[in-house]
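Asks: sharing a model that was predicted from the sequence below.
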Amino acid sequence: MLFLLLVSAIALSADKPSQKTDLYITQGRTDKTTNNEIILAGPGSSVTFSFKGSQCTLNLKSLNNNNQYDYVAIQIDGKYTGKQKVSPTTGSIFINEQDNKTHKVTIYKATEAGNGSIIFLGAEGDIVKTKKTKGRKKIEFIGDSITCGMGAETEEIPCGTGEWFDQHNAYFAYGPVTARALNADFLLSSVSGIGIYRNWNDEHEKEKIMPDVYENIYLNNSDRTGTYQFGFDPDITCIALGTNDFSEGDGKKERLPFSEDKYVASYVNFIKTVYSHTPNTQIVLLTSPMVKGEKADIFLRCLKRIQATYKDDKKHKPIQVFEFNDITPHGCGYHPNVKDHQEMSNQLTPFLKLLLNE
């Protein structure tokens, strides 16, 4: 048994948090402060470490743009233990285990880049070096709010209550779920409302689209900027962009008819950007189970046009297209909930497993 408790900084123990960089393993879109503290920037970004004994304290701080709280998801010894709030003032999460063995802890950013960053100030306890697992496959998931896990957790805080991000949990989004099923590492490059040539309620006039922000660590988060170094080198890159391009927006702002040519052209150019950073990856273009009817047919046709554009490309692995079956979303704002994400993963995992030869 274990329990997690978030408290104010005044309750910290006398031990100073360990900030030795070789004790912590980061994954995803992360950065560092001038004091060498780890910043969890993108959704699903994480820091992993190990400790000996039965107790450990995590010290975290939110840099939410609106001075609000944020969320992290905690995994201990490979098991999910819950989602915790992180406040703008330094707080602590206490971990208590029954045995005195060595335990492995991973802290994931549950919310997305637009919610602001989370600073990991270190851990207190008998922190020991974690052995890096070699030979694991790597998958990047590029997408929108669905890939972020927006609106997925509805049991504790029902839709329509609390803040708009209270139901976020990237840990349970289809990408991370699929990666865990394949015993692979993952990277999320996703932003709610974003598209490949236009966004949910913007014709690429005032808002930036994915090709504009992809090379920024913070996905163009307003509080910080920084060039992403692209050191992940994924075996597979899944791109799920189109749900917002096909959307009708809020129904109030003028919305132009969907342009197949603009969509395809922007997508083709974006793939060039992806290849410029990860030339050895295999790209998989995903449809969306939230796009239905005639739009779904157009969506698939567009992806096949994009695939055909690269059919004679001998420098890279063949681009694949994966079509999701329809899913009726049960999360907030017409988004998939945790069970829906699991269903998406159940569909996608066997396909990626074949590509990875796993």
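Replies: Noted; the coordinates are in hand.
Asks: please name the bridge partners of the nearest residue to Ile118 once chain neighbours are set aside.
Replies: Nearest-residue entry for Ile118: Leu40, 4.4 Å, with adjacent residues in sequence omitted and distances by CB to CB, 6 or more residues apart in numbering. Backbone N, C-alpha and C define where each C-beta goes, glycine included. When assigned by DSSP bridges, Leu40 has beta-bridge partners Thr30, Ile118.
Asks: what is the burial count for Leu40?
Replies: Leu40 is surrounded by 31 other residues when neighbours are defined as other CB atoms under 10 Å.
Asks: confidence score at it?
Replies: You'll see Leu40 listed with a pLDDT of 97.
Asks: that one and Phe246, how far apart?
Replies: According to CB to CB, to the nearest Å, Leu40 and Phe246 sit 31 Å apart.
Asks: again, but for Asn183
Replies: 34 Å.
Asks: give the contact list for Ala41.
Replies: With contacts defined as CB atoms under 8 Å, 6 or more residues apart in numbering, the neighbours of Ala41 are Gly28, Arg29, Thr30, Asp31, Lys109, Ala113, Ser117, Ile217, Tyr218, Leu219, Asn221, Arg224.
Asks: quick one: contacts for the closest residue to it other than its chain neighbours?
Replies: If you skip the residues right next to it in sequence, Ala41 has Arg29 as its closest partner in space, 4.6 Å away by CB to CB, 6+ apart. Shown here is Arg29, whose contacts under the criterion CB under 8 Å, 6+ apart are Ala41, Gly42, Ser45, Ala113, Leu187, Leu188, Ser189, Ile217, Tyr218, Leu219, Tyr228.
Asks: out of those, which two sit at the greatest distance?
Replies: When CB to CB is used, the two most widely separated members of the contacts of Arg29 are Leu187 and Tyr218, lying 14.3 Å apart.
Asks: the more surrounded of these two?
Replies: For Leu187 versus Tyr218, neighbours defined as other CB under 10 Å are more numerous around Leu187 (25 against 21).
Asks: quick check on that one: phi, psi?
Replies: In terms of degrees, to the nearest 10, the main-chain angles of Leu187 are phi -140, psi 130.
Asks: alpha carbons of stretch 250-263, as PDB, please.
Replies: The C-alpha trace of stretch 250-263 is given here as PDB (Å, rounded to 0.1, in the frame of the first residue of the first chain):
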ATOM      1  CA  ASP A 250     -18.000  27.400 -32.700                       C
ATOM      2  CA  GLY A 251     -20.700  28.000 -35.300                       C
ATOM      3  CA  LYS A 252     -20.500  31.700 -34.800                       C
ATOM      4  CA  LYS A 253     -17.200  32.700 -36.400                       C
ATOM      5  CA  GLU A 254     -17.000  32.500 -40.200                       C
ATOM      6  CA  ARG A 255     -15.700  29.200 -41.300                       C
ATOM      7  CA  LEU A 256     -14.500  28.500 -44.800                       C
ATOM      8  CA  PRO A 257     -15.300  25.200 -46.500                       C
ATOM      9  CA  PHE A 258     -12.600  22.500 -45.900                       C
ATOM     10  CA  SER A 259      -9.900  22.600 -48.500                       C
ATOM     11  CA  GLU A 260      -8.400  19.300 -49.500                       C
ATOM     12  CA  ASP A 261      -5.600  20.900 -51.400                       C
ATOM     13  CA  LYS A 262      -4.500  23.100 -48.500                       C
ATOM     14  CA  TYR A 263      -4.700  20.300 -46.100                       C
END
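Asks: got the buried residues for it?
Replies: Going by neighbour count (16 or more other CB atoms under 10 Å), the buried part of stretch 250-263 is Arg255, Phe258, Lys262, Tyr263.
Asks: kindly report the same for stretch 229-240.
Replies: For stretch 229-240, the buried set under the neighbour-count rule, 16+ other CB under 10 Å, comprises Phe232, Pro234, Asp235, Ile236, Thr237, Cys238, Ile239, Ala240.
Asks: tell me the pLDDT of the fifth one.
Replies: This points to Thr237. Looking at Thr237, its pLDDT is 99.
Asks: and what of the second one?
Replies: The confidence metric pLDDT takes the value 98 at Pro234.
Asks: packing partners for the helix or strand containing Val268?
Replies: Val268 belongs to helix 260-277 when assigned by DSSP states H and E. Helix 260-277 is packed against helix 210-213, strand 236-240, strand 282-286, helix 293-309, with contacts defined by 3 or more CB pairs under 8 Å, 6 or more residues apart in numbering; DSSP states H and E.
Asks: would you list these in TSV and tack on distance to Gly143?
Replies: Rendered in TSV, the data for those read as follows (distance: least, CB to CB, whole Å):
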stretch	distance to Gly143
helix 210-213	8
strand 236-240	4
strand 282-286	8
helix 293-309	14
